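Asker: Provided below for reference: sequence and predicted model.
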Amino acid sequence: MSQLKNMSILLLIAFAATILQNIEATDHIVGGSTGWTATPPGGASFYSDWASNITFKENDVLVFNFVTGAHTVAEISKANFDNCNVNQNTQAITTSPARVTLDKTGDFYFTCTFQGHCNNGQKLSVKVSASSPAPAQGPSPPSPTPPSSGTTPPSPIPPSGTTPTPPSPTPPVNGDSPSPSSPTQPGATPPSPGSATSLVATFSIFTVVVVNLLF
């Protein structure tokens, strides 16, 4: 019993681990091997091109790798992003690696607060979508088809209080005596009265075992 219970617990843990693996957040190294720099190859479009090839999901993490003391990471508004309106007083992360969790859907805007770095192309915008798509609605059930003409109507039900007339017995053939009707065909073994009782008892035992495993 204890071995079965332990096996059930292991199966439950494996199932939970599979679910967690499917919803596990992804780390994105900003700029790849180039990292977070004020002079990216390709100029101002470098980080935009990098982000365009990635699908960002809610709870994913951006990892900014840079030389501590030479750059920062600051989240700013779209207006400030478009105009590179940043200064040293803007709240920023100053230590590398800077890890930023994309904790909601929508657009995020980042830049470096060092003077001139944003204008040189050290700026990044990402669009974050939901972790999983909304479940699609199933197809509508088909409408019932009306009966076509010519369909045989159901047999009428006799009114209450009326006793239906039983069918006439079939006369014996060649003078043989009528044999009593049997519910089974030749060669079939009639079920024993104890079969149903055994089935109920087996089901009860199985139910007790399952309950003990779960609780």
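Answerer: Alright, I've got the coordinates. As the structure is a prediction and not an experimental result, all values here were calculated from the model.
Asker: so what's the closest residue to G116 other than its chain neighbours up against?
Answerer: With C-beta to C-beta, 6 or more residues apart in numbering as the criterion, G116 has its nearest non-adjacent residue at 7.4 Å, and that residue is A38. Glycine gets a C-beta too; all of them are placed from N, C-alpha and C. Residues in contact with A38 (C-beta atoms under 8 Å, 6 or more residues apart in numbering) are 71, 112, 114, 116-117, 120-122.
Asker: Disregarding residues adjacent in the polypeptide, which is nearest to H71?
Answerer: With sequence-adjacent residues excluded and distances taken as C-beta to C-beta, 6+ apart, H71 is closest to C112, at 4.9 Å.
Asker: Pretty sure that neighbour sits against E75.
Answerer: No - judged on C-beta atoms under 8 Å, C112 makes no contact with E75 at a distance of 11.7 Å.
Asker: neighbour-wise, which of those two wins?
Answerer: Higher neighbour count among C112 and E75: C112, with 26 against 15, using other C-beta atoms under 10 Å.
Asker: So that one versus D27, what's the distance?
Answerer: Applying C-beta to C-beta, to the nearest Å, the value for C112 to D27 is 20 Å.
Asker: Check F66 too.
Answerer: For F66 relative to D27 (C-beta to C-beta), the value is 16 Å.
Asker: re earlier: the residue nearest to G116 looks like it's in a helix, true?
Answerer: No - read with DSSP: H, G, I helix; E, B strand; the rest coil, A38 is coil and lies in no helix.
Asker: and it, how far is that from K104?
Answerer: According to C-beta to C-beta, A38 and K104 sit 28 Å apart.
Asker: on that earlier part again, list the contacts for the residue nearest to H71?
Answerer: 36, 38, 71-74, 86, 92, 118, 122-123.
Asker: closest to L62 among those residues?
Answerer: V73 (8.5 Å; C-beta to C-beta).
Asker: Specify the beta-bridge partners of the closest one.
Answerer: I93 (DSSP bridges).
Asker: cool, G106 as well?
Answerer: Going by DSSP bridges, G106 forms beta bridges with V128.
Asker: The nearest residue in space to T95 that is not next to it in sequence: how many residues sit nearby?
Answerer: Distances taken as C-beta to C-beta, 6+ apart place T68 nearest to T95, at 5.5 Å, with adjacent residues excluded. As a burial measure, T68 scores 11 neighbours (other C-beta under 10 Å).
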